[in-house]
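this one's structure only:
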């Protein structure tokens, strides 16, 4: 929502009027000098939208504001050209509406287009978030990153490295939405005040690392050749792609990182397929290249990669993880009931590479239990389990 600056206005005044922390307003207007507002300037207020209201007989700004539980001043701020003392029947004015509900509906087949639409809606309502692209998939789909906060602690979450584990994306997107709601409505999540987390942390989220693969699982082969034909070949002639984990080239993106990649290559599938093909070389696929470049650029202090299934948290690699990893994973286990597992006989994963090259805490969180793709009937339970980990990842 935008308001139009009047004489004597300040961001602090808007903060008091709308009940939104002033820092969120400052961060929603990066091109504005908070100490030099100019009359007529447009200022974004996060957590609000405006809705049309048609004036009826007997209406006044006071009566409209009173019915909507908002202030007269807030209505004046979004209607710069109305005469508040001369409303006309049938006149349409804008009325501020505070968003107190989720925009993201995670309990659905959550494909790439759904994610993009939800991200656009979130950015419109919460303009303090940033949304740079980290690169493109093989089919040219932009891979967005979401940044929340600008604190010194740099934390990264990602989902849907594996195509048929796409339920991780709406889990992360629902958390993002809940975090933004908490910040703008001054409400806690599980008793935890979130604004201090916003101040202390820069949260980086890549909700869907493998958009082409997710769409393949949910919508079938792309219309573009040679991919339309190739994926069926890689899938042994089967047009049911529920078991597909790889990207559109038939490469497993979580076997693409230079962390004992040669060991993984030697014992894995040797040609493209639905899963377990590490590619011809590490970081040969665009999606893996983009994730590696992002990780180098941001210099994260910890990373959490969300997968399914097993209700376990993998937290080590070749004994290169720092001592604090064990402390953190025990906290994750307490809040989720998931089992911490230090190492498994696996290499070349994203968290493996992060631990190896940075010697910092990295985690692979296996959400839910069953056969991938996990059914949407599990979504609510998975989210409740994951929520404790997603929160602890910020405050630990």
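Nice, I can see it. Model, not experiment: these values are computed from the prediction.

For residue 293, give its distance to residue 52.
Counting by Cβ to Cβ, to the nearest Å, the gap between residue 293 and residue 52 amounts to 44 Å. Just so you know, the C-beta spots here come from the backbone N, C-alpha and C atoms, and that holds for glycine as well.

now residue 298
41 Å.

out of these two, which sits in the more crowded spot?
residue 298 (17 against 8; other Cβ atoms under 10 Å).

Tell me who's in contact with that one.
Residue 298 makes contact with 154, 156, 202, 204 under the criterion Cβ atoms under 8 Å, 6 or more residues apart in numbering.

Would you agree the second one falls within a helix?
If I follow you right, that is residue 156. No. Using DSSP: H, G, I helix; E, B strand; the rest coil, the assignment for residue 156 is strand, not a helix.

I figured it hits residue 299, correct?
No. Judged on Cβ atoms under 8 Å, residue 156 makes no contact with residue 299 at a distance of 10.2 Å.

number of nearby residues for residue 81?
5.

For the stretch 201-350 of the chain, which segments count as helices?
Ranges of helices within the stretch 201-350 of the chain are 211-219, 227-234, 261-267, 286-298, 324-336, 350-358, based on DSSP state H, counting those that start in this stretch.

How far does the second one sit from its chain's centre?
Put simply, helix 227-234 sits 30 Å off its chain's centre (Cα atoms, centre = their mean, to the nearest Å).

list the buried ones in that helix?
For helix 227-234, burial by neighbour count (16 or more other Cβ atoms under 10 Å) applies to 227, 230-231, 234.

same question, the fifth one
By 16+ other Cβ under 10 Å, the buried positions in helix 324-336 come out as 325, 328-329, 331-333, 335-336.

From the contact counts, what lies against it?
strand 312-314, strand 339-341, strand 362-367, helix 379-395 (3 or more Cβ pairs under 8 Å, 6 or more residues apart in numbering; DSSP states H and E).

Make sure residue 273 is actually in contact with residue 245.
No. Between residue 273 and residue 245 there is no contact under Cβ under 8 Å: 9.3 Å.

For residue 156 and residue 299, work out which one has more neighbours and name it.
residue 156 (24 against 9).

Kindly provide the distance from residue 285 to residue 7.
56 Å.

So for the two, which residue has more residues nearby?
Just comparing residue 285 and residue 7: by other Cβ under 10 Å the higher neighbour count belongs to residue 285, 25 against 6.

Show the model's pLDDT score for the more buried one.
In this model, residue 285 is scored at 98, pLDDT.

just residue 324 next, same as before
For residue 324, pLDDT reads 98.

ok, now which ones touch it?
So residue 324 contacts residue 361 (Cβ under 8 Å, 6+ apart).

All the strands of the stretch 151-300 of the chain, residue numbers only.
Secondary structure of the stretch 151-300 of the chain, counting by DSSP state E, counting those that start in this stretch: strands at 153-159, 201-206.

Summarise which helices and strands the longest one is packed against.
In terms of contacts (3+ Cβ pairs under 8 Å, 6+ apart), strand 153-159 is packed against helix 168-185, strand 201-206, helix 286-298, strand 302-308, helix 379-395.

Output the below-cut-off pLDDT ranges for this protein.
Filtered on pLDDT under 70, the chain yields no residues whatsoever.

go again using 90 as the cut-off
Applying pLDDT under 90 to the chain flags the ranges 80-81, 85, 150, 343-346.

measure residue 265 to residue 258 for me?
11 Å.

Next, show the common contact partners of these two.
Joint contacts of residue 265 and residue 258 (Cβ under 8 Å, 6+ apart) are residue 348.

Now residue 388. Nearest residue, chain neighbours left out?
Excluding the flanking residues, the one nearest residue 388 by Cβ to Cβ, 6 or more residues apart in numbering is residue 335, at 2.9 Å.

ignore the last one, residue 250
residue 272 (2.8 Å).

didn't that neighbour look like it was pressed against residue 251?
Yes. Using Cβ under 8 Å, residue 272 is in contact with residue 251, at 6.5 Å.

and those two? which has more neighbours close in?
residue 251 (26 against 20).

ok, now how distant is that one from residue 4?
From residue 251 to residue 4 the distance is 52 Å (Cβ to Cβ).

ditto for residue 169
37 Å.

before we move on, the earlier item: which of the buried residues of helix 324-336 lies closest to residue 98?
residue 335 (29.6 Å; Cβ to Cβ).

quick one: the closest one and residue 392 touch, right?
Yes. The pair residue 335 / residue 392 is scored as a contact, 5.5 Å apart, by Cβ under 8 Å.

Which neighbours do the two have in common?
Contacts common to residue 335 and residue 392, judged by Cβ under 8 Å, 6+ apart, are absent.

Enumerate every residue touching residue 183.
Residue 183 touches 21, 24, 47, 126, 194-195, 198, counting by Cβ under 8 Å, 6+ apart.

Mind checking which of those residues land in helices?
Members of the contacts of residue 183 lying in helices (criterion: DSSP state H): 24, 195, 198.

Which of those residues ranks first by neighbour count?
Top of the ones in helices among the contacts of residue 183 by neighbour count (other Cβ under 10 Å): residue 198, with 24 neighbours.

can you pull the contacts of it?
Counting by Cβ under 8 Å, 6+ apart, the residues that residue 198 touches are 23-24, 148-149, 151, 183.

still on that earlier bit, what two of the contacts of residue 298 are the furthest from one another?
Across the contacts of residue 298 (Cβ to Cβ), the longest gap, 9.3 Å, separates 156 and 202.

okay, now the nearest residue to residue 249 once chain neighbours are set aside: neighbour count?
Distances taken as Cβ to Cβ, 6+ apart place residue 138 nearest to residue 249, at 5.7 Å, with adjacent residues excluded. Counted with other Cβ under 10 Å, residues neighbouring residue 138 total 19.

Need the three-state assignment for residue 138.
coil.

I'd say it and residue 285 touch.
Yes. With contact defined as Cβ under 8 Å, residue 138 reaches residue 285; the gap is 7.1 Å.
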